[in-house]
Structures are given as structure tokens and as C-alpha cells.
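J.: return atomic coordinates for the entry below.
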Amino acid sequence: MVNRIFFIMILIGLPLSVIGSLMHWSPVIMFIVYCLTIVALAGYMGRATESLAIVAGPRVGGLLNATFGNAVELIISIFALKEGLVTVVLASLTGSVLGNLLLVAGLSFFIGGLKYKRQIFNVFDARHNSGLLIFSVILAFVIPEVFSMEMNDADTFTLSIGISVILILLYLAALFFKLVSHRGIYQHEADKVEEHEEPEWGKWRALIVLLAATVAVGYVSENLVHTFDIVAEKFGWSEIFIGIIIVAIVGNAAEHASAILMAYKNKMNIAVEIAVGSTLQVAMFVAPILVIASLFFDTRMSLVFTMPELISMITAVFLTIAITNDGETNWFEGGTLLAAYIIMGIGFYLL
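T.: Sure thing, here's the model as predicted:
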């Protein structure tokens, strides 16, 4: 049923996106059309990556899902960066961290916990990810904020470039560690409960769908960015709220759907890998890539967040670590994460 709805949304949304942008329809109406179209396209990206995940295994599958899920947001952010909307881009990165750790993980734990009283996942992966979360979100994002108080903009940007290169290198090393050098070393009972399942699509069909959906998302995202200013003025939203809530939710729609579905099927290894792995990818790869990409645009972007953004991300990281470090979860812990997300959402709306 949901897949049919997404198909109809794409069938209607893509032509309307093209016609509306050419005929300059109301930006508010087009903002809604673009968002719904991206969500539907993200749904197809989620189905394709889920098929690949069944073939490749939970870790690779979770990585694929996170990568193509973040591809949507990366595309939106590059176009926003091109327009000089640095505040929106930084806010969308904050929104991704908060959305993945609190909203995606929270909904996954909550919905999965309603069906199963106790759900387990690989505790070794959870502890490994905890260290990377502290390094990438807290250390790498706090250092530019602190040093920027004693630096000019040029030096702060240079520091951000250096940190970005280190983050990318460490992220690649982390992938090599998990997928090559230490693959299968840290086994857990949760790894043995994954049921054999036939993929919905074959490998090549899934890859073609991913490629086509990514291209379509790129086109729609470029048009979406052009509506931000007018929509913000119309509804009284700040650029920070648009980035943290709207762009983050739309950009991560594929991950939201996939992680929740995996949790409902009690495939918690994949669900956690999507939620936490996506956060790490945003902090250690997407954010650094955007900093480096800003070298080619008129407006440079440093890794300097506002204090509310920084404190929110730090709080989300520590709360997630406290809940996931034991390798098991339930609906109440999911509800706790969701409550934290709602509190922060209210705060950013009122800014």
C-alpha cells in the first residue's frame, strides 16, 4: 500500500516539479510538492538499499542505506551552499545528527519495542560507535567553536579544513576496520538471529533504481532550495528551523522508513547501523565534504555551529550512548529519545 502511494506521488510529483519550476508557480505550493516528491523518491531509495542489504549483510547494508540516505541531504546541502545559505547547511547537519540519534533511533526502538519486549543488537558495534560519536561530534565540532573565539575567519576556515581532512581519513579507516581487518571478529548472539530473506529486487535493478532516484532527487533538491527564503518569510520560520527540522527530515526520509521497518522485523543490527552509522557518516564525511566543497563557492563554510546547535548535538550523543551501550533496548528507551527530540524541536522553533 505504502509503495503504491509512493509510486503515485512520484508519477504526479516529478512532472509537477518540472512544470511548476518552469512556469514559476507559488513557491509555497512548490515547496510542498518538492518535499513530498523527495520523500517518495527516498522511499524507493530505501527499498533498493534494503534489497542490497539482504544480499550484502547487516553492516554493509546499513552502510549502504546510510550512504544513499545521506546522498539526498548532501545534494540539498550543496545546492544550498551554492546559494550562500551557510546557516541552513550547518543547521541541516545539526538536524541530521539530532534526527538520526533521537528521531530515527527513537522511533525504531519505540515501534520495535511495542512488538518485542526486549530487542538486542551487537554490543561491540555499539561501544565502537560510541567512541566515534564522541570524537566526531563532540571533539571535532567543539574545537572549531572554541578556537574561533581567538581566531579570525580565515584561520577558523583553515582549522576547519584540517579537521575535515582528518575526519574523512578516520572515517575511511573506521570502514576498513569494520568491513575488512576486523570483519567477523566481534560476533554477538544478535548476529545469529537475522532471518534469511529474499530481496525484493535483484542487485542490478536495485542499483539502477538508486541511480535514477538520486538523479531525480538532485533536480528536485535544486528547486527546493530556491523556495527556502519565501517559505521562511511566509510561515515565520528561521533558517535554523528550516535546516534542523524540514531539510533534515526530508533529506533523511529513506533512513527513517528503513530503520523503523528493520526494527519492526526485529533486525536491530541493521536498524542501529542505519541510525548511528548515518550520524557518523554525516559528522565524519558529509560535513567535511561540504567544508571542502565550499572552497569552490563564493561563501566559505567553517565547522562553527551556534551554541544551541552544539549543546543539542552533545546532549543527543551522550543520551544515545547511555541507552545503546548495553546492546539492548525497549519501547521506553525509544520514547525517551523521542521526548528529547521534541523538546529540542520546540526550542529551535521558538528561536
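J.: the strands in the stretch 51-200 of the chain, which residues?
T.: Secondary structure of the stretch 51-200 of the chain, counting by DSSP state E, counting those that start in this stretch: strands at 119-120.
J.: helices of that one, start to end?
T.: Remark: helices assigned in the stretch 51-200 of the chain by DSSP state H, counting those that start in this stretch are 58-82, 86-98, 105-115, 123-133, 140-148, 153-176.
J.: with distance to Leu350, mean neighbour count and mean pLDDT added, can I get those in a markdown table?
T.: The way it works is simple: take the backbone N, C-alpha and C, and place the C-beta from them, glycine included. Shown next, in a markdown table, are the helices of the stretch 51-200 of the chain (distance: least, Cβ to Cβ, whole Å; neighbours: other Cβ atoms under 10 Å; pLDDT from 0 to 100):
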| stretch | distance to Leu350 | mean neighbour count | mean pLDDT |
| --- | --- | --- | --- |
| helix 58-82 | 23 | 24 | 73 |
| helix 86-98 | 15 | 27 | 88 |
| helix 105-115 | 21 | 22 | 92 |
| helix 123-133 | 27 | 19 | 87 |
| helix 140-148 | 22 | 17 | 88 |
| helix 153-176 | 28 | 16 | 91 |
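J.: any chance of JSON lines for those helices, columns distance to Val286?
T.: Listed next are those as JSON lines, based on distance: least, Cβ to Cβ, whole Å:
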{"stretch": "helix 58-82", "distance to Val286": "5"}
{"stretch": "helix 86-98", "distance to Val286": "7"}
{"stretch": "helix 105-115", "distance to Val286": "18"}
{"stretch": "helix 123-133", "distance to Val286": "14"}
{"stretch": "helix 140-148", "distance to Val286": "13"}
{"stretch": "helix 153-176", "distance to Val286": "10"}
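J.: of all those, which one is nearest Met262?
T.: helix 105-115 (7.2 Å; Cβ to Cβ).
J.: list the contacts of the closest one.
T.: With Cβ atoms under 8 Å, 6 or more residues apart in numbering as the test, helix 105-115 has contacts from 119, 256, 259-260, 262-264, 266, 268, 271-272, 275-276, 320, 323-324, 329-338, 340-341.
J.: show the buried residues in the residues you listed.
T.: Neighbour-count burial (16 or more other Cβ atoms under 10 Å) applied to the contacts of helix 105-115 gives 119, 256, 259-260, 262-263, 266, 268, 271-272, 275-276, 320, 323-324, 329-331, 333-334, 336-338, 340-341.
J.: now, the residues you listed that are in helices?
T.: Counting by DSSP state H, the buried ones among the contacts of helix 105-115 place 256, 259-260, 262-263, 268, 271-272, 275-276, 320, 323-324, 331, 333-334, 336-338, 340-341 in helices.
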